[in-house]
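Colleague: Below is the sequence, then the predicted model.
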Amino acid sequence: MKKKAAEKIKTYEAKGFREKFLGEDNPIHLLFKSNSDHFFCLEIEEIMQMQHPVPPSKHSCHTLIFISSGQHVMKLGYQEFITTDNEMIVVPAGQIFSLENVNNIHNGYICQFHPDILIGKYGSREMLNDFDFLKISGNPKISLAPEDIAPVTSILERLRKEYSETAFTDLNIVQSYLIALFYEMNKNAVKTSKSISAAEAITAKFKELIHDQIKTEHQVNYYASLLNVTPNHLNKCIKTVTGKSAVKWIEDNILLEAKYLLFQTTLPVGEIATQTGFEDQSYFSRFFKKLEGISPVQYRKMIDKS
């Protein structure tokens, strides 16, 4: 299965990019042994064969990328992260990401795993709460101290062997290795401190809320009520911490969700309008064009031509 997947990845350029991304021969889909395990771990050069940028997309799994040499540029939402030698980046499940340059990685590992694997036999939601890099509002980038490079590399190599060199992946072993890996990563992770300001705490909670509810809730008043603050206070906190207003955060996240649906699904524009909280398709199209400069239909055609 994995050998065939690797062979198909090498011939990935045969079809149009969007068709390949959505189709059954998508290399990410091929790397899962079955629909039930949702796990793979490979050396990065085994999978990073795509030549095209990736427009806004998301997966139901967490994705972890470790760069031992080279450089990787990724956008999580609208924030760009450059990952280089002995650095890691985590894309939490459900986070919208995009890639512009995928050809400058020389060595490293890529590991993707479904959140359910982390609960399993040995995990708990309380324990996983310690790992900020798995949260939408957490800091996804980790720079490893020199003394932590070897332990992290060793665990990733064990995960690779469990995936690549066994007929049936033992998810209990995978879970144990992942938990050990997270604790190693936590030594270097920039965590949300208990001493952060009230504005930073409110901003982190706001980011989590809009990620969960942006498809149905577009009003600052709604999020302010959930956070037990006034809309003016919420906006002041968000702008102080991020430089953008709460309204702008909401608009940008609606736009990202719409772009993801336009690229990664074949839903008609009217259904995408509904799924992003718009009752009127024409209003959705005006909203999209105001922020992006082109209509949703034009955006989809542009992706299809890429």
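Modeller: Thanks, I have it.

Colleague: hey, let's count contacts and neighbours off CA atoms from now on
Modeller: Fine.

Colleague: domain parsing for this protein?
Modeller: 2-186, 198-305 (automatic domain parsing).

Colleague: Please state the offset of the longest one from the chain centre?
Modeller: Yep, that's domain 2-186 we're talking about. Domain 2-186 sits 10 Å away from the centroid of its parent chain (Cα atoms, centre = their mean, to the nearest Å).

Colleague: now the strands for the chain?
Modeller: 39-43, 54-57, 62-70, 72-76, 79-83, 87-91, 97-101, 105-113, 141-143 (DSSP state E).

Colleague: could you dump those to JSON lines with mean neighbour count and distance to His218?
Modeller: Listed next are the strands of the chain as JSON lines, based on neighbours: other Cα atoms under 10 Å; distance: least, Cα to Cα, whole Å:
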{"stretch": "strand 39-43", "mean neighbour count": "22", "distance to His218": "34"}
{"stretch": "strand 54-57", "mean neighbour count": "22", "distance to His218": "20"}
{"stretch": "strand 62-70", "mean neighbour count": "21", "distance to His218": "26"}
{"stretch": "strand 72-76", "mean neighbour count": "20", "distance to His218": "20"}
{"stretch": "strand 79-83", "mean neighbour count": "14", "distance to His218": "21"}
{"stretch": "strand 87-91", "mean neighbour count": "24", "distance to His218": "24"}
{"stretch": "strand 97-101", "mean neighbour count": "18", "distance to His218": "21"}
{"stretch": "strand 105-113", "mean neighbour count": "21", "distance to His218": "31"}
{"stretch": "strand 141-143", "mean neighbour count": "20", "distance to His218": "29"}
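
Colleague: Considering the ones you listed, which stretch scores lowest in mean pLDDT?
Modeller: Among those, strand 97-101 has the lowest mean pLDDT, at a mean of 77.

Colleague: Contacts for that strand next, please.
Modeller: 52-58, 72-77, 91 (Cα atoms under 8 Å, 6 or more residues apart in numbering).

Colleague: with those residues in mind, which one is nearest to Thr166?
Modeller: Distance to Thr166 across these (Cα to Cα) is lowest for Val91, with 26.3 Å.

Colleague: Verify the stated contact: that closest one with Thr63.
Modeller: Yes - between Val91 and Thr63 a contact is recorded at 5.0 Å, counting by Cα atoms under 8 Å.

Colleague: still on that earlier bit, lowest average confidence across the domains of the chain, which one?
Modeller: Of all these, domain 2-186 has the smallest average pLDDT, which comes to a mean of 80.

Colleague: Let me know how buried the closest residue to Phe263 other than its chain neighbours is, in neighbour terms.
Modeller: Nearest residue to Phe263, sequence neighbours excluded (Cα to Cα, 6 or more residues apart in numbering): Arg300, at 6.5 Å. Look at Arg300: counted by other Cα atoms under 10 Å, it has 18 neighbours.

Colleague: ditto for Ser225
Modeller: Close neighbours of Ser225, defined as other Cα under 10 Å, add up to 12.

Colleague: contacting residues for Glu200?
Modeller: For Glu200, the contact set (Cα under 8 Å, 6+ apart) comprises Cys237, Ile238, Val241.

Colleague: what ranges do the helices span in this structure?
Modeller: Using DSSP state H, the helices of the chain run over residues 2-10, 17-22, 27-31, 115-119, 125-128, 146-164, 171-186, 198-213, 220-226, 231-242, 246-264, 269-275, 281-292, 296-305.

Colleague: Tell me if I'm right that Gly277 and Ile250 touch.
Modeller: No - contact criterion Cα under 8 Å: Gly277 and Ile250 do not qualify, at 11.8 Å.

Colleague: Counting neighbours, go ahead and name the busier of these two.
Modeller: Ile250 (20 against 17).

Colleague: ok, of the contacts of Glu200, which one's closest to Ile149?
Modeller: Ile149 has its nearest neighbour among the contacts of Glu200 in Val241, at 32.1 Å by Cα to Cα.
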